[in-house]
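Visitor: Please find the sequence and the predicted model below.
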Amino acid sequence: MIAVDTNVLIYAHRTETHLHAAAVRELVVLAEGTAVWGLPVFCVGEFIRVVTHRRILNPPSTLRQAVSFLERLLASPSCRIVRPGPDFVSVLTAASLAAGARGNLVFDAQIVALCREHGIPTILTNDRDFHRFENPRVRLLGELA
């Protein structure tokens, strides 16, 4: 199983981004494949926040456009929303302490904690900050699997 980070969603959604084609290719392979893949629940909210934010994108996506994009992804039979379980807080604090996470890196620690709690070995991202954590393994967007 692989988890998909927010930035991959943003690149796939926004055609003007430099990694749009690579992100679309990756998501199509996942969505049309039979292997189960995960979308961390925190990434759903962050995706909507970023693509609809007027100070980040000009023009921003409408809420309807953002939701429609997510609905198409979630229609994939192999997609699973990854949610915190009963051990989330202890896994999050352990990951944060081990990586010295603070500030914005704590958001990444949340994704790491979800992956660890659910046994997801790999995250697809373009965020090199994930290398600060021992696991999951980071697969950068555009890298061969």
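Guide: In hand now; what should we look at?

Visitor: in the chain, what spans have low per-residue confidence?
Guide: Along the chain, segments meeting pLDDT under 70 span 144-145.

Visitor: Please enumerate the strands of the protein.
Guide: For the chain, applying DSSP state E gives strands covering 2-4, 37-40, 79-82, 122-125, 137-140.

Visitor: got the contact list for the shortest one?
Guide: In other words, strand 2-4. If you take Cβ atoms under 8 Å, 6 or more residues apart in numbering as the criterion, strand 2-4 is touched by 26-27, 30, 35, 37-40, 43, 82, 111, 114-115, 120-125, 136, 139. Where you see a C-beta, it was placed from the backbone N, CA and C, and this is true even at glycine.

Visitor: returning to that earlier point: which one of the strands of the chain lies nearest to residue 49?
Guide: Across these, residue 49 has its closest neighbour in strand 37-40 (14.1 Å, Cβ to Cβ).

Visitor: which residues touch the closest one?
Guide: By Cβ under 8 Å, 6+ apart, strand 37-40 touches 1-5, 9, 30, 73-74, 78-82, 110-111, 114-115, 118, 120.
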